[in-house]
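[1] Give the three-dimensional model of this entry:
(4 chains)
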There are 2 protein chains.
Amino acid sequence: MQTTVTLRDVARAAKVSVSTASRALAGGGLTSKSTEARLQRIAAELGYRPNTLARGLKTRSTRLVGLVVHNLTNASFRVLAEVVQRRLRAEGYQALLCITADDPEQEAETIETLADQRVDGLIICPTGHNGALLASLDASGTPVTCVVRRDETVELETVLAADPEGAYAGTRHLLELGHRRIGLIVGRQETTSGRERLSGYRRALEEAGIAFDPTLVHAGRYEPETGLAGCRQLLDRDDRPTALFAANHESALGVLRGLAERNIALPDDISLLCYEDVPGFAWQRPAISVVDSGANAMAELAADRLLQRLRPNAAPSAAGEYRIGARLIQRQSVRPVAH
Amino acid sequence: MQTTVTLRDVARAAKVSVSTASRALAGGGLTSKSTEARLQRIAAELGYRPNTLARGLKTRSTRLVGLVVHNLTNASFRVLAEVVQRRLRAEGYQALLCITADDPEQEAETIETLADQRVDGLIICPTGHNGALLASLDASGTPVTCVVRRDETVELETVLAADPEGAYAGTRHLLELGHRRIGLIVGRQETTSGRERLSGYRRALEEAGIAFDPTLVHAGRYEPETGLAGCRQLLDRDDRPTALFAANHESALGVLRGLAERNIALPDDISLLCYEDVPGFAWQRPAISVVDSGANAMAELAADRLLQRLRPNAAPSAAGEYRIGARLIQRQSVRPVAH
DNA sequence: CTTGCTTCCGCAAACGTTTGCGGAGCATGG
DNA sequence: CCATGCTCCGCAAACGTTTGCGGAAGCAAG
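    Numbers count the residues shown, from 1 in each chain, chains lettered A, B, ... in the order given. Next comes the predicted model:
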């Protein structure tokens, strides 16, 4: 039961006042060079570590930022958590990781808790139901940047994937290989990403002079189960699609299973393209072609933006929107259509 | 720029002293029922939220616990993060997630930072190089429980997978199907899990009266590259193994790739069993048989143990060791050996 | 020797809570 | 009517910092 050593102890050992000790350790040149050095030494010898609570109470700045995501299995969120954590730490911040399971209620509770903790900032993938809460946080001096998803009810700094372009590029890739009937398994249309990925798909189709067929798209949650359901539905048609475009990596897993169920071989019998890359896709067989949504870059940018606004000369929350470009990665799961 | 409402404001509005306000909101029956209700109401109306910093400073208890893992891509760590976070929150704690990349230096820094934040407890997968630091934390009243890996330099509460039994069960499963040459791809022998998984493998072999052949095992980091290298090495032998046992899910990815390189079909040409389950394995084709190391249960137990020691009537750090049983899940990637 | 300027440091207040101690009010029992 | 006990509340100190303000030295110039 070590009695933790406080600033008073350091000051007493150095025979100076607490204030001098504080200033010396802060090192802003507020004390003479000699006392500064001396106190640094004594503090080190005593093993002094400042109490962040007390400091935070006084300075109104814990160096904590909240990071809230839906889960950690989704690839975007996983890399988001990893790189944000790393970037923040490099700048002396700590990440407070929270998981909402995409549930507005949990999200609200989480945000409140984080506010109570007096986090300096917040990076969040919003559900879209707590805009007011977020906005008031941001307005009251705790910068909030949204990522991956946009909360449409409110104006906040947001960094997103270039989903329309990504989906466009992906379906266009399939079209160029001769595919005409392309099944799309996409996210719920209440979400930005769901809508945008669908719209990119449509645009590519229309440009190619192909009528949009709504029965070729299956929308649902980003889970393997929707992939499976969508796959079954699409495969049951008389005019079976020659290619499938799964709009996220988890639904692609379901598609894989669905194909296996019916003994449909990839890529011989059908082509599969997937939105979002994940290590397993590169390693498995056949390797899955993807359009990489740029989760890494997105995370980096989100961290950058927030850190920017965390600096002393903070610009007053510019509610900008940033887009991260997508990138097609060709592997083995798509091939030209046979005729 | 809202001026945050403090306890003083509530007290003033209710025309009582700050202390009464504090007690009323705490609700321990230290005030009359009526004032308690009245203050609850007023606090709610004013939107009062207690300042956790001030509270922590006074009570010497933030309700924060550090959670430090090597990364988030490894399945064990991912579910660890998810379930620990969930369990903690259910009890009113917040998780402070840190990532060390299995680097002792980053780990040391992380631990210090967490100590500075005055976390109430720590759940950590240790590198094994900062035992002293952890032990002193634990001794000074901040319970530390290790998970997944044991820090052998020191006595701390630890919850581990039953690796020897798991590996034993897995290779035994293969043996029962007639396999005699079983290639093992395993973790570095400096880690507990690496050694224990190897020892389980050996024991099963010896029980079956098969001589242990060190050239059949390939040890390395838990990464796809290790799996690939190991796979190549094992496949280059004249007497090629009839089954492969990949001792973690990431190396299994490498094995998959290695097999594909040489056009070796699963499970017709060779069997593959994998330690650690991961959603993709169940969905992909052929579905990979695994021995599930029980990451979920491990995480639950770790959280339980720590929470237990966090309770007021805290038992003085019992440095126990807990083991989580493994479970064989048969899917499609292993089959009886052909003769 | 006084004046004025610089450099360095100490005093004390403040941040927003919690909590030991004691006091006021009131009822109860002798 | 007094002693006693109980219930409820306020005073003030404390947790460990940071920081505005003022004062003590030191030194140079007049």
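
[2] helices and strands of chain A: which one bottoms out on pLDDT?
    helix A:279-283 (a mean of 85; mean pLDDT, DSSP states H and E).

[3] quick one: low-confidence parts of chain A?
    Within chain A, the stretches with pLDDT under 70 are A:1-2, A:314-317, A:339.

[4] ranges for the strands of it?
    A:64-69, A:94-99, A:121-124, A:144-147, A:157-161, A:182-187, A:217-220, A:243-246, A:271-275, A:289-292, A:321-324, A:327-329 (DSSP state E).

[5] Between strand A:94-99 and the first one, find me the angle.
    With axes from the mean of the first three to the mean of the last three CA atoms, to 10 degrees as the basis, strand A:64-69 and strand A:94-99 are set at 30 degrees to each other.

[6] Report all helices and strands that strand A:64-69 contacts.
    helix A:75-90, strand A:94-99, helix A:104-116, strand A:121-124 (3 or more CB pairs under 8 Å, 6 or more residues apart in numbering or on different chains; DSSP states H and E). Glycine gets a C-beta too; all of them are placed from N, C-alpha and C.

[7] ok, back up a step: between the strands of chain A, which one is closest to DNA strand C.
    Evaluated with CB to the nearest atom of the strand, these place strand A:64-69 nearest to DNA strand C, the distance being 16.3 Å.

[8] Report how many residues lie close to the residue of the stretch 101-250 of chain A found nearest DNA strand D.
    As assessed by CB to the nearest atom of the strand, DNA strand D sits closest to A:R118 within the stretch 101-250 of chain A, at 13.2 Å. Neighbourhood size, A:R118 [other CB atoms under 10 Å in any protein chain shown]: 20.

[9] Name the nearest residue to it, ignoring sequence neighbours.
    Excluding its sequence neighbours, the residue lying closest to A:R118 (CB to CB, 6 or more residues apart in numbering or on different chains) is A:T62, at 5.2 Å.

[10] wait, the one you found sits on B:L53?
    Yes: at 6.8 Å, A:T62 counts as touching B:L53 under the criterion of CB atoms under 8 Å.

[11] Which residues are in contact with each of the two?
    A:G56, A:R118 (CB atoms under 8 Å, 6 or more residues apart in numbering or on different chains).

[12] and chain B, which of the helices and strands packed on strand A:64-69 is closest to it?
    With respect to chain B, and counting by CB to the nearest CB, the nearest of these is strand A:94-99 at 3.7 Å.

[13] Could you check how far the nearest residue to A:L272 once chain neighbours are set aside is from DNA strand D?
    Nearest in space to A:L272, with sequence neighbours left out and distances taken as CB to CB, 6+ apart, is A:S333 at 4.5 Å. Distance, A:S333 to DNA strand D, using CB to the nearest atom of the strand, to the nearest Å: 56 Å.

[14] Let me see the contact set for A:S333.
    A:L266, A:P267, A:S271, A:L272, A:L273, A:C274, A:P286, A:A287, A:I288, A:S289.

[15] mind running it again at 10 Å?
    A:243-244, A:252, A:256, A:266-267, A:270-274, A:281, A:284-290 (CB atoms under 10 Å, 6 or more residues apart in numbering or on different chains).

[16] Would you enumerate the residues in contact with the residue of the stretch 101-250 of chain A closest to DNA strand D?
    Applying CB under 10 Å, 6+ apart, the residues near A:R118 are A:53, A:56-57, A:60-62, A:64, A:142, B:4, B:49, B:51-54.

[17] Kindly report the same for A:R87.
    Going by CB under 10 Å, 6+ apart, the list of residues near A:R87 reads A:Y93, A:A95, A:A299, A:E300, A:L301, A:A302, A:A303, A:D304, A:L306, A:L307.

[18] Make a ChimeraX selection of the buried ones in those residues.
    Selection command for ChimeraX covering only the buried members of the contacts of A:R87, criterion 16 or more other CB atoms under 10 Å in any protein chain shown:
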select /A:93,95,299,300,301,302,303,306,307
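
[19] Of the contacts of A:R87, which are in range of chain B?
    Filtering the contacts of A:R87 for proximity to chain B (criterion: CB under 10 Å from any CB of the partner chain) leaves A:A95.

[20] now, among the contacts of A:R87, which is nearest to DNA strand D?
    A:Y93 (16.3 Å).

[21] Please report how far the closest one lies from DNA strand C.
    For A:Y93, the distance to DNA strand C - CB to the nearest atom of the strand - is 21 Å.

[22] do the same with A:P164
    Distance of A:P164 to DNA strand C, given as CB to the nearest atom of the strand: 45 Å.
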